[in-house]
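Asks: what follows is a predicted structure for the sequence shown.
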Amino acid sequence: MQYTAGESDVIIIGGGHAGAEAALACVRLGVNVTLFSMSLDAIANMACNPSIGGTAKGHLVRELDALGGQMGKAADAVMLQSRMLNRGKGPAVHSLRAQVDRGAYRDYIKNALESQPGLSICQAEIVEIQINGGKVSAVCTSLGAVYKCRAVIICTGTFLGGRIFVGDRSYESGPDGLHASVELFRSLTNIGIKLRRFKTGTPARAHRDSIDFSKLEIQPGDEHITPFSFETSEKLQNILPCHIAYTNENTHNIIRENLHRSPMYTGGITGIGARYCPSIEDKVVRFADKSRHQVFVEPMGLNTREMYLQGLSSSLPEDVQLKLYRSIEGFGDIQIMRGAYAIEYECINPTQLYPTLEFKCAGGLFGAGQFNGTSGYEEAAVQGFVAGVNAAHQILGKPAFVPERAGSYIGTLIDDLTTKGCMDPYRMMTSRSEFRLILRQDNADERLTPIGRKLGLISDERLEMFHMKQKAIERECSRIITAVLPPSEGLNNYLESRGTNPVASGAKFADLLRRPQLDYAGISIFDNNAPTLNPDESEQVEIKTKYEGYIKKQLAQVEEVRRLETREILPDIDYSAIKGMRLEAREKLAAIRPRSVGQASRISGVSPADVAVLLVYLRANNK
């Protein structure tokens, strides 16, 4: 029997990283929200690696912070170790990654949600989404409680139809032994949403005291730590180290001898797995020429002895897992506290969504996170934020928020999902963006803080700090163009020590800075007029000066892309009536319903010739 239990503007199904950011964005924009979670102890749970960031993922977190999101602040507050990845390459691919305290991160986000006025949190399983007149009207729990609403955001992660696989054993479950959501997917199917199954894996956790760290490589954090949040002012410090172990031929032989017991190879698992995060079985089979693979041994928190064995994701039986672990040097007496497992779950092809992340088949219904076919906490969080902003804007009668592909990795991710879809769990990488030189993590605030302010999610104090920083950078970029450093013994000794030619007469600061061997901090020591800049400001001055020509070239490309993006397409076009366009292109355009000529040009199966025909049709029919 159903009964009316309450009413909210927005209801969020799932309290993971997508659900948390969606809830906070919605309520901070002025609508009331109820967030439902299968377990309140699983809010912001890190079911897999207890880390935030990584290659391209660090970009997403800093962009989210620049817009007013929460993840970056939480990661800074509970950081155990921080490293900037890819320092040996150019600044476009520098990516921040932090090992964090899993339990403390969960508590931080849960407290942020509980402390937010206008936000209610409820432990319940949503089993039905009710639609009235083509729009969301209510949700219903497994106990019959009905909550009326004007918008719903689905953030079910890997819980929807979740099934765990370990060897020949499988059972319904969400991650970490939590209950799976086993009824909601039927309601979604009735609405007209098409579902599919993906798969992901989680490595084992081991007891710290059972590992011989003297046989492992230590992996220290950075001496100078860059925070995720542009608001973090306190100096961050590394608390715990990480370590590296290696598999060997014995390990690989154990795996090969037991592939017939892996559900990935017996056909037990049918879901599509992550291309860029293979299991140890996959790595041994696909990279048969490699004699070893890295295993990153990472702490789970300050108040637990659990260690995460990154790189050993597996669905092999427990007895095989234990045997292969103990074949690794340093793991001879290892005690496994949580075994590795694979999990299948229901998700969607995201081409069913508008770029606002609203479903095309149901007004007011949004999707975010792994439900949309992505992998990773960071990808989930930014989708939750965008879905939350758009759900709130729809209710408040404000314009839709669609981040530009040319303006952020968040925009790139959402454009990829809704335009191209994904055939396996989508992971953000720097190579996915055509504009990665200007979409760096170091300038995320410059690109997105004004947008966050326009949304209403950046405070006056933060905006003032942002403006002060930008003015300091602009002043110094202008000053060093004309500032001349006279030759001196100290300067020339420095230049020669860095492997570059000394100067015989005065040299402009900017010209010296453009030399690849030199950096701003080193040169400024010899300039008595150099202002005192913080590390973020000096980094910006250096990058803007060194890469000025390349940046201008890419900005020109962005303007060309924006020209096509402003050529909007009305949603009621009958693509079947466009003569001269190939059938495949007409079918793809009709299915995805692009909002602009730029988006249409990126749809798989739509050629440049098809776009030319489309432009002619739009001009001729005033569309």
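Replies: It's in. Numbers count the residues shown, from 1 in each chain.

Asks: any idea of the mean pLDDT in the lengthiest helix in the chain?
Replies: Among the elements of the chain assigned as helix by DSSP state H, the one spanning the most residues is helix 460-482. Helix 460-482 carries an average pLDDT of 97.

Asks: mind listing what's buried in it?
Replies: For helix 460-482, the buried set under the neighbour-count rule, 16 or more other Cβ atoms under 10 Å, comprises Arg462, Met465, Phe466, Lys469, Gln470, Ala472, Ile473, Glu476, Cys477, Arg479, Ile480. All C-beta spots, glycine's among them, are computed from the backbone N, C-alpha and C.

Asks: neighbours of the closest residue to the first one other than its chain neighbours, how many?
Replies: This means Arg462. Closest residue to Arg462 apart from its sequence neighbours, by Cβ to Cβ, 6 or more residues apart in numbering: Glu231 at 6.1 Å. Using other Cβ atoms under 10 Å, Glu231 has 18 other residues around it.

Asks: for Glu231, which three-state class applies?
Replies: Classification of Glu231 into helix, strand or coil gives coil, according to DSSP: H, G, I helix; E, B strand; the rest coil.

Asks: quick check: it vs Pro117, distance?
Replies: Taking Cβ to Cβ, to the nearest Å as the measure, Glu231 falls 21 Å from Pro117.

Asks: packing partners for the helix or strand that comes right after the longest helix of the chain?
Replies: Per DSSP states H and E, helix 460-482 leads on to strand 484-485 as the next helix or strand towards the C-terminus. Applying 3 or more Cβ pairs under 8 Å, 6 or more residues apart in numbering; DSSP states H and E, we find strand 484-485 packed against strand 507-508, helix 509-513.

Asks: any weak-confidence spans in this structure?
Replies: Low-confidence regions of the chain, defined here as pLDDT under 70, cover residues 623.

Asks: domains of it?
Replies: The chain is divided into the following domains under automatic domain parsing: 3-201+345-455, 205-341, 478-552, 567-620.

Asks: determine which stretch of those is the most buried.
Replies: domain 3-201+345-455 (a mean of 22; mean count of other Cβ atoms under 10 Å).

Asks: return the distance of that one from the chain's centre.
Replies: From the chain centre to the centre of domain 3-201+345-455 is a distance of 9 Å (Cα atoms, centre = their mean, to the nearest Å).

Asks: same thing with stretch 452-468?
Replies: For stretch 452-468, the distance to the chain centre is 23 Å (Cα atoms, centre = their mean).

Asks: which residues touch it?
Replies: With Cβ atoms under 8 Å, 6 or more residues apart in numbering as the test, stretch 452-468 has contacts from 25, 28-29, 66-69, 230-231, 389, 401, 445, 449.

Asks: returning to what we had before: ramachandran angles for the residue nearest to Arg462?
Replies: When read as degrees, to the nearest 10, the backbone of Glu231 gives phi -90, psi -10.

Asks: doesn't Lys73 make contact with it?
Replies: Yes: in this structure, Glu231 is within contact of Lys73 by Cβ atoms under 8 Å, at 6.7 Å.

Asks: joint contacts of these two?
Replies: Taking Cβ under 8 Å, 6+ apart as the contact rule, Glu231 and Lys73 both touch Asp65.

Asks: any chance you could map the helices in the stretch 351-500 of the chain?
Replies: Listed from the start of the chain, the stretch 351-500 of the chain has helices (DSSP state H, counting those that start in this stretch) covering 377-396, 409-415, 444-455, 460-482, 489-497.

Asks: could I get those helices in CSV, plus columns for distance to Ile43?
Replies: Formatted as CSV, the entries for these read as follows, by distance: least, Cβ to Cβ, whole Å:
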stretch, distance to Ile43
helix 377-396, 13
helix 409-415, 23
helix 444-455, 24
helix 460-482, 26
helix 489-497, 52
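
Asks: for those, which one sits closest to Gln294?
Replies: Judged by Cβ to Cβ, the one of these that comes nearest to Gln294 is helix 377-396, at 21.3 Å.

Asks: for the closest one, packing partners?
Replies: Other helices and strands packing on helix 377-396, by 3+ Cβ pairs under 8 Å, 6+ apart, are strand 10-13, helix 17-28, strand 51-53, helix 57-67, helix 71-77, strand 151-154, strand 365-367, helix 409-415.

Asks: closest to Arg498 out of the ones you listed?
Replies: Checking the helices and strands packed on helix 377-396 against Arg498 by Cβ to Cβ gives helix 57-67 as the closest, at 27.9 Å.

Asks: can you give me the angle that closest one makes with helix 17-28?
Replies: When axes from the mean of the first three to the mean of the last three Cα atoms, to 10 degrees is applied, the directions of helix 57-67 and helix 17-28 differ by 10 degrees.

Asks: and helix 57-67 with helix 377-396, angle?
Replies: Angular relation of helix 57-67 and helix 377-396 on a 0 to 180 degree scale: 30 degrees, by the same axes, to 10 degrees.

Asks: other residues contacting helix 57-67?
Replies: Outside of helix 57-67, the residues within contact range by Cβ under 8 Å, 6+ apart are 21, 52-53, 71-73, 75, 85, 95-97, 228-231, 376, 378-379, 381-382, 385, 408-410, 413, 428, 430, 439-441, 444-445, 447-449, 451-452, 455, 457-458.

Asks: quick check, Gln599 in a strand?
Replies: No: per three-state DSSP, Gln599 lies outside any strand segment and is helix.

Asks: touching, it and Leu417? I think so.
Replies: No: between Gln599 and Leu417 no contact is recorded; they are 11.9 Å apart, counting by Cβ under 8 Å.

Asks: mind checking how far Ile211 is from Phe228?
Replies: For Ile211, the distance to Phe228 under the criterion Cβ to Cβ works out to 29 Å.

Asks: and Ser607, by the same measure?
Replies: Here the criterion is Cβ to Cβ. By it, Ser607 lies 41 Å from Phe228.

Asks: setting the sequence-adjacent residues aside, check what's closest to Ala274.
Replies: Beyond its immediate neighbours in the sequence, the residue positioned closest to Ala274 (Cβ to Cβ, 6+ apart) is Pro425, lying 4.2 Å away.

Asks: so what's the one you found up against?
Replies: The neighbours of Pro425, taking Cβ under 8 Å, 6+ apart as the test, are Phe198, Thr200, Ile272, Gly273, Ala274, Arg275, Cys277, Gln370, Gly373, Thr374, Ser375.

Asks: and the closest residue in space to the fourth one that isn't next to it in sequence, what element?
Replies: Take Gly273 and drop its neighbours on the chain: the residue closest to it by Cβ to Cβ, 6+ apart is Lys199, 4.5 Å away. Using DSSP H and E, Lys199 maps to strand 195-202.

Asks: again with Leu614
Replies: Assigning secondary structure by DSSP H and E places Leu614 in helix 608-620.

Asks: for that helix, name the packing helices and strands.
Replies: With contacts defined as 3+ Cβ pairs under 8 Å, 6+ apart, helix 608-620 has these neighbours: helix 597-601.

Asks: any chance you could list what contacts the helix it packs on?
Replies: When contacts are defined by Cβ under 8 Å, 6+ apart, helix 597-601 is touched by residues 355, 405, 415, 419, 561-562, 564-565, 567, 569, 589, 592, 594, 606, 608, 611, 614-615, 618.
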